[in-house]
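[1] Here is a sequence together with a model predicted from it:
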Amino acid sequence: MLFMLTFIVFTMNAQEFAEEFPEYKAKAFNWGGKLGLNAASPVINSIKISNIKATDISTEYKVGRLASIFCRFNGKKIFIQPSIEWQYSAGDINFTLLQTTVVPATEAGKDATTSTVSVKHAATFKTNSLELPVLFGFYLFKEGPYALSIFTGPKMKYNYKVRYITDINNTSEKYKSDSTPFGVNIALGSSVSIWRLFFDFTYEFGVNEIQSDFSQVNTNTKVDDNISINKRTNLMTFSLGFLF
């Protein structure tokens, strides 16, 4: 909401800014920064916990955040924008596991029996990453202080801190150590610029599936669990930035 209010205020006064500061005309080179929010929606193809495969997998996003610095090489109709970006993303994964219970022998002489039931569980993931996007943009409209553009490009990702927290075994268990911290995404988006202020909407998706293994951090139970996840990384971001 704060981003949108700021954007509207600058929109109303953009022409006045351009007239008052004529030196802020289009440049061949800019640098800038942006802050924003994200929503992670990974595509989970499979989850195994202690070699037990989960079913009925669904995800729910939580609001994350991002910060970026970049430089931009401008042409008449195109631009190239390499940048360095930090992102924190989080979300919940809901799934079902088959759980085996033992019914003890009775005094009547019946032997002990086992039964298998489906139990719903949830896991929360938290990811911190450093990213290197290189975006190639095209101006659909560029007149005075106003511009509308679309862009796309690859993004190299390094997940330097990943945590999963589950409710399995009736307690909170934490897992870390992503065995595949590197990834490649493709970003697609659009941008509205007014004077030096701009608002970006970006959607990015993983190029390939990533198989990741996590080991248990805290052992609240006597069972040493592990998590194996096969997934693709999808992410939506909304950001507000400024060009210098």
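    Arrived safely.
[2] can we go C-alpha only for contacts and neighbour counts from here?
    Fine.
[3] Contacts for stretch 35-49 next, please.
    With contacts defined as Cα atoms under 8 Å, 6 or more residues apart in numbering, stretch 35-49 is touched by 53-54, 57-68, 89-91, 225-241.
[4] just the buried members of these?
    Buried members of these, counted by 16 or more other Cα atoms under 10 Å: 53-54, 57, 59, 61-62, 64-68, 89-91, 225-229, 231-241.
[5] Show only the entries of those residues found in strands.
    Of the positions in the buried ones among the contacts of stretch 35-49, 53, 57, 59, 61-62, 64-68, 89-91, 226-229, 231-232, 234-241 sit in strands, assigned by DSSP state E.
[6] Direction included, what does the longest strand seen in the chain pair against?
    What stands out as the longest strand in the chain, according to DSSP E, is strand 113-143. The pairing partners recorded for strand 113-143 under DSSP bridges are strand 78-103 (antiparallel), strand 146-166 (antiparallel).
[7] which stretch in those has the least confidence?
    Least confident of the strands paired with strand 113-143, judged by mean pLDDT, is strand 78-103 with a mean of 89.
[8] residues of that one that come out buried?
    Across strand 78-103, burial judged by 16+ other Cα under 10 Å covers 79-97.
[9] Tell me how far that strand lies from the chain's centre.
    With Cα atoms, centre = their mean, to the nearest Å as the basis, strand 78-103 stands 7 Å off its chain's centre.
[10] got it, and stretch 51-60?
    19 Å.
[11] in the longest strand of the chain, what counts as buried?
    With burial defined by 16+ other Cα under 10 Å, the residues of strand 113-143 counted as buried are 120-139.
[12] just for the protein, where's the confidence low?
    Residues of the chain meeting the criterion pLDDT under 70: 1-26, 100-115, 169-171, 178, 218-225.
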